[in-house]
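**Q** Predicted coordinates and the sequence they were generated for:
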Amino acid sequence: MFPELFEIPFVHLTIKSYGLMMVIGFLACVSLIRHLSRDFTPDPQHITNAALYSLVGGVVGARLFFVVHYFDKFRSNPIEVFAIWQGGLELAGGVIAAIIVILFYLRYHKLPIRRYLDVLAVGLMLILVFGRIGCFLNGCCYGKPTELPWGVRFPYYSFAYHSQISPDLDRNRSEPYLELPGEFFGYTDEKGNQYSGLKPYEYLTVKQKIEVTEGKYRCLPVHPTQFYSSGIAAFWCLMLYLLWRRAKKAELSGHTGRFFTRPGYIFALMFIVYGITRFLMEYLRDDNPFEFDGLTISQNIGIAMVVLGLILLAIFKAMKVQTLDI
């Protein structure tokens, strides 16, 4: 777990591992889309321009989703909504906002929307591969405790550790996984300020440090749901790419009536497969609260994505296949 990789000298800003992985995923996505769309792109610069606009929109959307999801954290100090350098982004919000921006861009420039959306679907799955690795480095999106041999132990004071030492009524858990003695709570910092919460690692005694790193009070192993999600995204990235190649060959041979060969189908399928996998993954995660109908907000979004994907399939099936496909 490395939420902060290093600090920029003089300005004292830290490079967040999650943000860096998202940037790497974004660059990989842009490169892939430029490559896949070279046959129908009048100007490759359109890809770069749309990507830059979607990056800005994606960051805003990811921050907006985080603020809405954890609005109570910003009630006392609303100005912190804009303190994005302190972390706090939600991947789903960024993806949705980025797609909306790209749609407006493609429509404005009268580009073949469905063809671009198909290659965008492959690229978005690639972003998820890197984004979920960033989640692991950040320590968020953690899973439930497990006894499986590949379970991961997060360090003391991590998100997972805080969750395990406290009840979570929002997830119908009235007892903590770990019962920490009272000596691990309450401390006074260098400025004399008193706090009642969990002691930071540097405030622990030598014995306590051993207990939370090697002893009975260390973090319980949890499902590495971040890696599960990254691996699933890699799988669907490959599958969507193979379907895209199949659709391309079908178009060249004039067999556009075959299964999943019409423009836009790959994009619609992305919503369906991601919605289903995200819905199921929530049963292994242990971070999101139950909010609606006994489901997490991500599960409800997953259901909405599946429905949207099915609607898009019906719409794209009814549309005529044209050269520009606008």
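**A** Everything's here; your move.
**Q** Can you name the next helix or strand after the lowest-mean-pLDDT helix or strand in the chain?
**A** Sorted by mean pLDDT, DSSP states H and E, the helices and strands of the chain end with strand 4-8, the least confident at a mean of 73. Next along the chain after strand 4-8, taking DSSP states H and E as the criterion, comes strand 13-16.
**Q** where does Ser196 land in three-state SS?
**A** strand (DSSP: H, G, I helix; E, B strand; the rest coil).
**Q** Do you know the pLDDT at it?
**A** At Ser196, the pLDDT value in this model is 90.
**Q** now swap in Ala83 and tell me
**A** For Ala83, pLDDT reads 66.
**Q** again, but for Arg262
**A** pLDDT recorded at Arg262 is 85.
**Q** Give me the neighbour count for it.
**A** By other C-beta atoms under 10 Å, 23 other residues sit near Arg262. For glycine as for every other residue, the C-beta is placed from the backbone atoms N, C-alpha and C.
**Q** that older thread, pairing partners for the least confident helix or strand of the chain, with directions?
**A** Strand 4-8 has the following strand partners under DSSP bridges: strand 13-16 (antiparallel).
**Q** pLDDT of the strand it pairs with, averaged?
**A** Strand 13-16 shows a mean pLDDT of 77.
**Q** let's have the chain start at 276 instead
**A** Taking 276 as the first residue, the last one we looked at is strand 288-291.
**Q** With only the CA atoms kept, save the stretch of helix or strand Tyr462 belongs to in CSV.
**A** Per DSSP H and E: Tyr462 is located in strand 460-463. C-alpha atoms of strand 460-463 as CSV (Å, rounded to 0.1, in the frame of the first residue of the first chain):
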residue,chain,number,x,y,z
PHE,A,460,-7.0,5.0,21.2
GLY,A,461,-6.6,8.6,22.2
TYR,A,462,-3.4,10.7,21.8
THR,A,463,-1.9,14.2,22.0
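**Q** what pairs with it, and is each one parallel or antiparallel?
**A** strand 469-473 (antiparallel).
**Q** Identify the residues contacting the strand it pairs with?
**A** With contact meaning C-beta atoms under 8 Å, 6 or more residues apart in numbering, strand 469-473 is reached by 432, 437, 440, 455, 459-464.
**Q** Next: stretch 425-435.
**A** Against stretch 425-435 from outside (C-beta under 8 Å, 6+ apart): 276, 414-415, 417, 420, 436, 473, 475-476, 487-488, 493-499, 561-562.
**Q** Quick one: distance of the least confident helix or strand of the chain to the chain centre.
**A** Distance of strand 279-283 from its chain centroid, counting by C-alpha atoms, centre = their mean, to the nearest Å, is 21 Å.
**Q** Pull out the buried positions in that strand.
**A** For strand 279-283, burial by neighbour count (16 or more other C-beta atoms under 10 Å) applies to no residue.
**Q** quick one: contacts of that strand?
**A** Contacts for strand 279-283 (C-beta under 8 Å, 6+ apart): 288-292, 295.
**Q** Separate out the buried members of the contacts of stretch 425-435.
**A** Buried subset of the contacts of stretch 425-435 (neighbour count, 16+ other C-beta under 10 Å): 276, 414-415, 417, 420, 436, 473, 487, 493-499, 561-562.
**Q** Mind checking which of the residues you listed are in helices?
**A** Mapping these onto helices (DSSP state H) picks out 436, 487.
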